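Student: predicted model and sequence below, questions to follow.
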Amino acid sequence: MMFANTVLAWGLGAALTSVAAWAAPPRSVDQEAPGVRTAWQMVPVETRPGDAAHGWRYFVQPGEHRAVVISPSGDYYYSQGQGLARVFTAGGAG
């Protein structure tokens, strides 16, 4: 009977510990593990017709040092912090 009580006590202890760990609140974005990718975010830019940047759309992936820029004609440019490189031409060539 002593053995059964010991096993029962250990089992309850393990179950309570695992339930407490499972029920912990989720981590916030700033507590994520290294290497976890963040979502792309649009960069708000206010321009007027006639401005050089009018019609361009900008996106960044914080923490990953990546950016995508979309031209008014639909060309895509990609950067990993070393300048922009065209990766897609809307006309299909290039």
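Tutor: That came in fine, so what should we check first? Remember, it's a predicted structure, so these values are computed and weren't measured experimentally. Numbers count the residues shown, from 1 in each chain.

Student: any weak-confidence spans in this protein?
Tutor: 1-37, 92-94 (pLDDT under 70).

Student: rerun that using 80 as the cut-off
Tutor: 1-38, 92-94 (pLDDT under 80).

Student: can you give me the helices for this structure?
Tutor: 2-22 (DSSP state H).

Student: any chance you could map the strands in it?
Tutor: 41-43, 57-61, 66-70, 76-79, 85-88 (DSSP state E).

Student: in the second one, what's buried?
Tutor: Meaning strand 57-61. V60 (16 or more other CB atoms under 10 Å). (Each C-beta comes from the backbone N, C-alpha and C, glycine too.)

Student: is it true that G55 touches V69?
Tutor: No: when contacts are counted by CB atoms under 8 Å, G55 is not listed as touching V69 (11.3 Å).

Student: mind checking which of the strands of the chain is nearest G50?
Tutor: Of all those, strand 57-61 sits nearest to G50, with 17.6 Å by CB to CB.

Student: and the closest one, what does it pack onto?
Tutor: strand 41-43, strand 66-70 (3 or more CB pairs under 8 Å, 6 or more residues apart in numbering; DSSP states H and E).

Student: nice, that's everything, thank you.
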